[in-house]
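**Q** show me the folded form of this:
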Amino acid sequence: MNSKKPTNDSTKQPGSSPKKTNKSPKQQRKNQERQEPKATTYKLAASSLKQPGEAKIAKKSASGQPDAGERIQKVLARGGIGSRREIERWIDEGRLKLNGDLVKLGDRLKAGDHLQLNERVVHWEKFAVQPTRVLIYHKPTGEVVTRRDPEGRPLVFTQLPDLITARWISVGRLDINTSGLLLVTNNGELANRLMHPSTEVEREYAVRILGDVSEATLEKLKQGVELEDGKAKFDAIRFFGGEGANKWYHVIVSEGRNRLVRRLWESQEVVVSRLMRVRYGPVVLPERLKARTFYELTDKELDLLFEFAGLERSEPVMTTYKPEPKRQRPGKR
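**A** Next up is the predicted model:
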């Protein structure tokens with residue numbers, strides 16, 4: 001028992017065996033050096049799940065290779081200049097120039113590049129770094145979804161916070177007599193994906209109608225009726241109550257044709273006295289959000305919206321940015 005103890009202690013205590021002591025710290029340092037890169041790699045991988053944009057930027061800078069840049073149509077779509085498809089058409093038409101030469105499909109923008117659209121300079125750099133923002137705006141009746149109105153009616157865009165770069169883009173429209181949820185964003189690509197007919201995003205409306213509606217009429221509206229611009233239908237109709245002459249229904253459509261919900265009801269000679277959008281895809285109008293106020297989607301909510309739209313959120317995440325608080329601007333109701 002006693003003869004074994006010094007042997008075990010000699011591997012641990014420096015004074016017992018000098019040769020073993022000299023090798024042991026080196027071996028330990030080598031082991032630490034092998035382990036440290038693995039730990040760092042794990043941290044980067046974990047952070048990339050939360051902040052994919054920052055992880056990509058770090059990877060490019062660490063490689064030391066020149067930046068390959070981003071495709072022109074992707075950068076301009078993100079800045080709200082147009083959809084990717086529109087920009088590709090402009091490229092085919094020869095309307096875009098990069099450093100004095102006509103742009104070709106596949107060309108990329110790099111730092112210092114000079115871009116022109118219809119011979120006018122495009123300051124594209126600001127589109128390359130701006131974070132995506134999405135607002136839920138509670139539109140009241142009487143406001144129009146346009147930037148200018150010759151009749152001088154109230155505009156939705158005057159109720160929104162100012163952007164340093166780019167501009168707000170509405171995801172679809174609501175007519176002047178329709179209230180409720182209106183999505184606006186500064187990301188043109190996201191807006192285009194959410195509006196494109198191929199995505200068939202569900203829009204849910206609360207409808208107040210005058211009088212009673214028979215089951216046969218409701219079934220006809222679900223099967224489809226012919227309108228002036230083609231056949232249309234409600235994907236779902238649900239009775240939501242009501243007393244007296246007024247009845248409330250919730251209806252769902254999967255396309256964004258102009259005044260579609262009203263026209264469907266009117267095709268059956270049903271009078272719509274109030275119409276309010278309460279949902280657009282996965283985004284629901286918050287119950288406590290008052291008219292003429294907005295709510296800004298959080299970072300996690302943006303991730304879910306990008307996933308729903310089938311897009312990869314690969315932009316820089318500005319952790320120092322704080323969304324503006326919800327507010328209500330004065331105005332006549």
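**Q** low-confidence regions, the chain specifically.
**A** For the chain, applying pLDDT under 70 flags the ranges 1-67, 128-129, 165, 315-333.
**Q** okay, now the domains of it?
**A** Domain assignment for the chain, taken from automatic domain parsing, gives 4-50, 70-129, 134-309.
**Q** kindly list the longest strand within the chain.
**A** strand 271-280 (DSSP state E).
**Q** chain center to that one: distance?
**A** 24 Å (CA atoms, centre = their mean, to the nearest Å).
**Q** tally of neighbours for the closest residue to residue 210 other than its chain neighbours?
**A** Excluding the flanking residues, the one nearest residue 210 by CB to CB, 6 or more residues apart in numbering is residue 271, at 4.2 Å. (Glycine included, C-beta is placed from N, CA and C.) Using other CB atoms under 10 Å, residue 271 has 12 other residues around it.
**Q** show me what contacts residue 271?
**A** Shown in contact with residue 271 (CB atoms under 8 Å, 6 or more residues apart in numbering): 209-211, 265.
**Q** now residue 112, what's its secondary structure?
**A** coil (DSSP: H, G, I helix; E, B strand; the rest coil).
**Q** and it, how far is that from residue 280?
**A** Distance, residue 112 to residue 280, by CB to CB, to the nearest Å: 40 Å.
**Q** residue 177 touches residue 275, doesn't it?
**A** Yes. Residue 177 lies in contact with residue 275 (CB atoms under 8 Å); the separation is 7.0 Å.
**Q** which of those two has more neighbours?
**A** Using other CB under 10 Å as the criterion, residue 177 and residue 275 rank with residue 275 on top: 22 against 12.
**Q** so the more buried one sits against residue 204, correct?
**A** No. Assessed by CB under 8 Å, residue 275 is found out of contact with residue 204, at 11.6 Å.
**Q** and the helices in the chain?
**A** Ranges of helices within the chain are 4-10, 18-50, 52-63, 72-78, 84-92, 125-129, 188-195, 215-223, 260-267, 299-309, based on DSSP state H.
**Q** what is the fourth one packed up against?
**A** Judged by 3 or more CB pairs under 8 Å, 6 or more residues apart in numbering; DSSP states H and E, helix 72-78 is in contact with helix 84-92, strand 108-109, helix 125-129, helix 188-195.
**Q** as JSON lines, the ones you listed with mean neighbour count would be great.
**A** Below are the helices and strands packed on helix 72-78 laid out as JSON lines (neighbours: other CB atoms under 10 Å):
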{"stretch": "helix 84-92", "mean neighbour count": "16"}
{"stretch": "strand 108-109", "mean neighbour count": "18"}
{"stretch": "helix 125-129", "mean neighbour count": "16"}
{"stretch": "helix 188-195", "mean neighbour count": "22"}
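**Q** now the ones you listed as CSV including distance to residue 217?
**A** As requested, the helices and strands packed on helix 72-78 are exported to CSV (distance: least, CB to CB, whole Å):
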stretch, distance to residue 217
helix 84-92, 39
strand 108-109, 55
helix 125-129, 49
helix 188-195, 30
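**Q** closest to residue 116 out of the ones you listed?
**A** Across those, residue 116 has its closest neighbour in helix 84-92 (11.2 Å, CB to CB).
**Q** quick one, that closest one and helix 188-195 angle?
**A** Put simply, helix 84-92 runs at 120 degrees to helix 188-195, going by axes from the mean of the first three to the mean of the last three CA atoms, to 10 degrees.
**Q** and helix 84-92, C-alpha only, in CSV?
**A** The C-alpha coordinates for helix 84-92 follow below in CSV (Å, rounded to 0.1, in the frame of the first residue of the first chain):
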residue,chain,number,x,y,z
ARG,A,84,-37.1,40.9,-57.8
ARG,A,85,-39.1,40.0,-60.8
GLU,A,86,-39.6,43.7,-61.8
ILE,A,87,-35.9,44.4,-61.3
GLU,A,88,-35.0,41.4,-63.5
ARG,A,89,-37.3,42.8,-66.2
TRP,A,90,-35.5,46.2,-65.9
ILE,A,91,-32.2,44.4,-66.4
ASP,A,92,-33.5,42.7,-69.6
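**Q** which other helices and strands does it contact?
**A** Using 3+ CB pairs under 8 Å, 6+ apart: helix 84-92 touches helix 72-78, helix 188-195.
**Q** could you export the ones you listed as TSV, including distance to residue 305?
**A** Converted to TSV, the helices and strands packed on helix 84-92 look like this (distance: least, CB to CB, whole Å):
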stretch	distance to residue 305
helix 72-78	15
helix 188-195	7
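**Q** so which of those helices gets nearest residue 289?
**A** helix 188-195 (19.3 Å).
**Q** now the angle between helix 299-309 and that closest one, please.
**A** 60 degrees.
**Q** now do helix 188-195: distance to the chain's middle.
**A** 8 Å.
**Q** contact partners of it?
**A** 74, 76-85, 132, 134, 169-172, 183, 185, 199, 201, 256, 280-281, 305-306, 309-311.
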